[in-house]
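Q: what follows is a protein structure lacking sequence information:
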């Protein structure tokens, strides 16, 4: 004889326990409070937006305003950003052919592995002018090696264009004077380590003209060596103390 089973009855509000009823009531109250809080926040935001806008604008202006003794001046004088530069040189593979072949052969070259340097910039000799509306300063640059400098990287060699020789050559016409060859020779290339072209080297051309070179770091010649730790450029800019739209516009520039 089969026995029939009936599904359990769904509990109604009358059969629900007091604890479950309280839980439903608490959730409903929290939802109502949350909606009220959101509406109150929106209303308060709309009413107080002008004050909030002035507060946010004031905080931002405090960070970027270029004026004596300001936070903006501190971050401008010593920028917090880190600049990493990669320097590559071009090794001229057929430099002997270029110097001897009168048919103007195409240059064949390869690129060296990059030399990474970290560049830090600091403003020096700061002068506030015209009631702090303009500022005059010089830029000091510091180059330091960045990353790993392996033996293979430091031992890279090649025939690189002698920058000094090229600069010296531009002072003459299409047919060079004999003095040019006596001082510079016929070789437009200098075979050496690539790192020396950046951090300093001495070539016959350098030995001939070093006594007449101007500026700092004159014991050797190299792109980074010459500029490292120097105040190479002088600027005069608008501070925008009264109008941020003109902040940083250049008024004057001069090299060292």
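A: Yep, it's here. Values in this document were obtained by computation on a predicted structure and should not be read as measured data.

Q: where does pLDDT dip in this protein?
A: The chain contains residues with pLDDT under 70 at 1-17, 49, 52-53, 55-58, 162-188, 256.

Q: quick check: longest helix in it by residues?
A: In the chain, taking DSSP state H as the definition, the longest helix is helix 18-64.

Q: and it, what does it pack against?
A: Helix 18-64 sits against helix 71-77, with contacts defined as 3 or more Cβ pairs under 8 Å, 6 or more residues apart in numbering; DSSP states H and E. Placement of C-beta: from N, CA and C, glycine included.

Q: paired strands for the next helix or strand after the helix it packs on, with orientation please.
A: Counting by DSSP states H and E, the next helix or strand C-terminal to helix 71-77 is strand 83-87. Sheet pairing of strand 83-87 (DSSP bridges) gives strand 115-129 (antiparallel).

Q: quick one: buried residues of the partner strand?
A: Across strand 115-129, burial judged by 16 or more other Cβ atoms under 10 Å covers 115-117, 119, 123, 128.

Q: right, and the helix or strand after that strand?
A: Using DSSP H and E, the helix or strand that follows strand 115-129 towards the C-terminus is strand 134-145.

Q: just want the angle from that next one to strand 83-87.
A: 60 degrees (axes from the mean of the first three to the mean of the last three Cα atoms, to 10 degrees).

Q: and strand 134-145, which strands flank it?
A: Strand 134-145 has these strand partners (DSSP bridges): strand 115-129 (antiparallel), strand 230-238 (antiparallel).

Q: tell me the first helix or strand C-terminal of the last one.
A: It refers to strand 230-238. Proceeding N to C from strand 230-238, the next assigned helix or strand is strand 250-255, under DSSP H and E.

Q: what lies in contact with that next one?
A: Strand 250-255 is contacted by residues 134, 136, 232-238 when judged by Cβ atoms under 8 Å, 6 or more residues apart in numbering.
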